[in-house]
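A.B. asks: Sharing a model that was predicted from the sequence below.
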Amino acid sequence: MSAEAIQDEARRPSAFWRGARLGLPVVVAAGPFGLLFGALAVENGFSVFEAVLMSATIYGGASQMVGIELFGQKVAPWLIVLSIFAVNFRHVLYSGAVGRRIGHWPLARQAFAFFFLVDPQYAESETKGERGEEITFAWYMGMALPIYVCWVAETWLGAMFGNMIPNPQALGLDFLLPIYFLGLVMGFRNRPLWLPIVIASAAASILAYKTIGSPWHVSVGAVTGILLAAAMPGRANGGKRP
């Protein structure tokens, strides 16, 4: 083994724990939302196993909420799948952005990593890349694994004990996750043309929610922001796009 390879192996544990520390605030913010999902899934007719399986395989909080609402309404299966895809469409965009930063990884590792590419994982990876730092597999999984494991565990807890709370939605615990997401958006505020793109995306999403309805407003807002960013000329600093 070369000296460079030995040094890389020695750095991996510290890189993993640096990633894990970044994942801790996400675990705290997503915790109430995971508990709420588990409780609502059982309330909507899911078994504990089905609720946990959904979290373990789909691994997307908002799309899971859409799914449990539709499963109990005798909606065609293809429409449920399409609705979940509409909510998760932003993950396709995330993979395009993060993919260019992890293209040096083996293909199997890239495919494995994309499964864990949720909103905070994308935001931290993009921020790290913009600083010119390499995104290593150890750092990436250090952040991803605690979030994933805790999300599945929180779903199980919510499904097992959620019936002890008469009306879990009335507690308002799910407000923590939107606040965290707002913090992620604010983290990109120094990018060129950030504000008009955020305003346009938010306005389009609200309008779509009022006219088309959920979950399509998520994709409409995302596409609006992308189209506006593509149409705007790049500024100085190398003509970077927003």
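C.D. replies: Here it is on my side, so go on.
A.B. asks: can you count the residues close to the residue nearest to Ile212 when sequence neighbours are not counted?
C.D. replies: Leaving aside its chain neighbours, Ile212 sits nearest to Val220 (7.0 Å; criterion: C-beta to C-beta, 6 or more residues apart in numbering). All C-beta atoms are positioned from the backbone trio N, CA, C, and that covers glycine. Close neighbours of Val220, defined as other C-beta atoms under 10 Å, add up to 21.
A.B. asks: I'd like the distance between Val220 and Ala86.
C.D. replies: According to C-beta to C-beta, to the nearest Å, Val220 stands 9 Å off from Ala86.
A.B. asks: repeat for Met186
C.D. replies: Using C-beta to C-beta, Met186 is found at 25 Å from Ala86.
A.B. asks: still on that earlier bit, check contacts around the residue nearest to Ile212.
C.D. replies: Contacts for Val220 (C-beta atoms under 8 Å, 6 or more residues apart in numbering) come out as 204-205, 207-208, 212.
A.B. asks: Leu182 too?
C.D. replies: The contact partners of Leu182, by C-beta under 8 Å, 6+ apart, come to none.
A.B. asks: And the helices in the chain?
C.D. replies: Ranges of helices in the chain, per DSSP state H, are 3-43, 48-57, 61-71, 77-99, 107-115, 119-130, 137-161, 176-186, 194-211, 216-231, 236-239.
A.B. asks: need these in JSON lines with mean pLDDT, can you?
C.D. replies: What follows is these, written out as JSON lines (pLDDT from 0 to 100):
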{"stretch": "helix 3-43", "mean pLDDT": "77"}
{"stretch": "helix 48-57", "mean pLDDT": "93"}
{"stretch": "helix 61-71", "mean pLDDT": "78"}
{"stretch": "helix 77-99", "mean pLDDT": "79"}
{"stretch": "helix 107-115", "mean pLDDT": "94"}
{"stretch": "helix 119-130", "mean pLDDT": "88"}
{"stretch": "helix 137-161", "mean pLDDT": "93"}
{"stretch": "helix 176-186", "mean pLDDT": "67"}
{"stretch": "helix 194-211", "mean pLDDT": "85"}
{"stretch": "helix 216-231", "mean pLDDT": "76"}
{"stretch": "helix 236-239", "mean pLDDT": "44"}
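A.B. asks: coming back round to it: now the buried members of the contacts of Val220.
C.D. replies: Buried members of the contacts of Val220, counted by 16 or more other C-beta atoms under 10 Å: 204-205, 208.
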